[in-house]
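In: coords below, sequence missing:
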């Protein structure tokens, strides 16, 4: 840098382009972390296999719990790497915890400078995946509370989990205990006053833990012939009542996929993105929290590591005087030339000059919902909900505003944005939706970021032929197009059904490298066309009818635009199709299909049939055989 001041070429550069500003934004999100303790029952009942037939894979509830935790740790490294976890087993022979309590074992990978509650690492996951084979030897299992014993492993486990979650403030960090067990009554072997005393002390310990801001969640595991009865004990421990008790599905979790789904729902909790003040009029404001709904997922940022220690590097920026080579001690200043002199600005002055908005919402007015166009929503919206930190008057104000907007079919126009990007937003009130006794959609407001005028394109002219006449579709053409769309319509489609194959492979490679796995998991590309579905006779018939009605019988897809002359590629393709049709007649395809000899043909021979019948020819040999059989109706 030349001298102490910076030139006018970047004096008004946006803060969003500054790496330090990005780091500051990330640091602000560091407070939105979560501490989780996995509490796993290790009693002998957890090691009983759950399969009801010999054909099914033999697996125990303990294996299901470990597999679910392992999958959640792998997802946590990708999605929530700042979170911290601990894995704790109770009803064990060995003990390992800071309180030296019996029947509780905290699984921990000994590393210098780490605590029992720490961020998940590849080393932790590798050793945890191998834990099942060495659990009985190194840790061991024992029955829970037995008659005549004063030990209460569940009580001790909750106490240990509470101690593990002692660090960090509950106001800025979500703290949770996830409890895996298949015993709906941990004190079933006890009777009389002894059972009542054990139950009372355990429930009191759970209440004390919850009073500290720690949430206890139950993931029950059920046997095929026995349903987990949450009302025996755990309804009081986790504090279920009213609608929460009705909506709690205790029987979900007797299979691996069911438990993974339950754990995934609990791990991906709603996290606040930001909080700000919504000013309705001067002197009247509402405290709101914003939540992200659907966002595109991208690979994580690159972290530079030291080549020797493999530890993350911390980047620092210093300014050097170009004339003397000395390090600049004072903060830099910027200048802007004006009338043959340089006007010098300090960083604080520039920040004030560039500050257009405060980041809060300011209500401007209301408009009918009919004025809001679909194409205004250019980027993902944000969901707004009143903050718990607000006053009762603030909540009442928001509820009154929300009800009025729903009743009058109005949306609010407000001014928002950061200091470098102010913009108008539309607030659309969403009413609560309840189905089968459960809440499907919560009440609140969606904040849509309205576009600038330059973001909206002008209407393009419709395509017309050389005569200038716009060709309109006939009723028959519209009907054929409608039939084709109905044949290709996906039933009950959701965007969550399709995963990003490039992203999945990216993380699969990272996982294989981090865990030193020999094989990379095969990633299924769900974005590829459904060749089997598209090759159905009804779809092919609808497609051919659409092409013939719209483009004519002799239409060539490869013909040159406007000339109707076939290209060299189309000529070769047509000749290849004619050759394949002749070769196809030399085979008795029906007999080959009935005798199962299609698989004995070569790929080239199979493609004779596919090309001759205008079917896709991509895929492996098994896919080609399956496509031919489907087309023949076999």
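Out: It's in. From a predicted model like this one, the values you see are computed outputs, not experimental measurements. Numbering: from 1, shown residues only.
In: C-alpha from now on. contacts and neighbour counts both.
Out: OK.
In: Helices of the stretch 251-400 of the chain, start to end?
Out: Ranges of helices in the stretch 251-400 of the chain, per DSSP state H, counting those that start in this stretch, are 256-267, 347-354, 392-408.
In: What residue spans form the domains of this protein?
Out: Here the domain parsing of the chain from the TED database is 30-267, 272-296+358-455, 475-551, 568-632.
In: To residue 323, which of those lies closest?
Out: domain 272-296+358-455 (33.6 Å; C-alpha to C-alpha).
In: Dump the domains of the chain into JSON lines; add distance to residue 323 and mean pLDDT as well.
Out: What follows is these, written out as JSON lines (distance: least, C-alpha to C-alpha, whole Å; pLDDT from 0 to 100):
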{"stretch": "domain 30-267", "distance to residue 323": "41", "mean pLDDT": "80"}
{"stretch": "domain 272-296+358-455", "distance to residue 323": "34", "mean pLDDT": "85"}
{"stretch": "domain 475-551", "distance to residue 323": "46", "mean pLDDT": "83"}
{"stretch": "domain 568-632", "distance to residue 323": "66", "mean pLDDT": "80"}
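In: just these: most buried one?
Out: Highest mean neighbour count of those: domain 30-267, a mean of 17 (counted as mean count of other C-alpha atoms under 10 Å).
In: just how off-centre is that domain within its chain?
Out: Here domain 30-267 is found 24 Å from its chain centre; the criterion is C-alpha atoms, centre = their mean, to the nearest Å.
In: And stretch 376-386, by the same measure?
Out: 17 Å.
In: what does stretch 280-298 give?
Out: The answer for stretch 280-298 is 20 Å, by C-alpha atoms, centre = their mean.
In: Pull up the gap between residue 318 and residue 621, please.
Out: 62 Å (C-alpha to C-alpha, to the nearest Å).
In: just to revisit the earlier point, which stretch among the domains of the chain comes nearest residue 324?
Out: Between residue 324 and the domains of the chain, the shortest gap by C-alpha to C-alpha is with domain 272-296+358-455, which sits at 35.1 Å.
In: Could you report the neighbour count for residue 473?
Out: 11 (other C-alpha atoms under 10 Å).
In: Would you mind giving the secondary structure of it?
Out: Using DSSP: H, G, I helix; E, B strand; the rest coil, the structure places residue 473 in coil.
In: What of the one 4 residues further on?
Out: For residue 477, the reduced secondary structure class is helix; criterion used: three-state DSSP.
In: wait, doesn't it sit right on residue 548?
Out: No: using C-alpha atoms under 8 Å as the test, residue 477 is too far from residue 548 to be in contact (9.3 Å).
In: The domains of the chain: which one's closest to residue 340?
Out: Going by C-alpha to C-alpha, the one of the domains of the chain nearest residue 340 is domain 272-296+358-455, 28.8 Å.
In: quick one: terminal-to-terminal distance for that closest one?
Out: First residue to last in domain 272-296+358-455 (C-alpha to C-alpha) measures 29 Å.
In: Check stretch 488-496 too.
Out: OK, stretch 488-496 end separation, C-alpha to C-alpha: 19 Å.
In: Kindly report the same for stretch 412-425.
Out: Stretch 412-425: ends 8 Å apart by C-alpha to C-alpha.
In: from the chain's centre, how far out does that stretch sit?
Out: The chain centre lies 27 Å from the centre of stretch 412-425; the measure is C-alpha atoms, centre = their mean.
In: Throw the domains of the chain into a markdown table and include distance to residue 332, thanks.
Out: Converted to a markdown table, the domains of the chain look like this (distance: least, C-alpha to C-alpha, whole Å):
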| stretch | distance to residue 332 |
| --- | --- |
| domain 30-267 | 28 |
| domain 272-296+358-455 | 21 |
| domain 475-551 | 41 |
| domain 568-632 | 62 |
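In: Quick one, which of those domains gets closest to residue 334.
Out: domain 272-296+358-455 (18.0 Å).
In: In a strand, residue 176, correct?
Out: Yes: judged by three-state DSSP, residue 176 forms part of a strand.
In: From residue 167, how far off is it?
Out: 13 Å.
In: same check, this time on residue 90
Out: 22 Å.
In: Kindly report the same for residue 477.
Out: For residue 477, the distance to residue 167 - C-alpha to C-alpha - is 69 Å.
In: doesn't residue 450 make contact with residue 424?
Out: Yes: with contact defined as C-alpha under 8 Å, residue 424 reaches residue 450; the gap is 5.6 Å.
In: gap between the two ends of stretch 354-366?
Out: OK, stretch 354-366 end separation, C-alpha to C-alpha: 29 Å.
In: cool, stretch 308-328 as well?
Out: Terminal-residue distance, stretch 308-328 (C-alpha to C-alpha): 30 Å.
In: Pull out the buried residues from that stretch.
Out: Residues of stretch 308-328 classed as buried by neighbour count (16 or more other C-alpha atoms under 10 Å): 319, 320.
In: Now do it, average pLDDT.
Out: For stretch 308-328, mean pLDDT rounds to 83.
In: so how far is that stretch off the chain centroid?
Out: How far stretch 308-328 lies from its chain's middle: 38 Å, per C-alpha atoms, centre = their mean.
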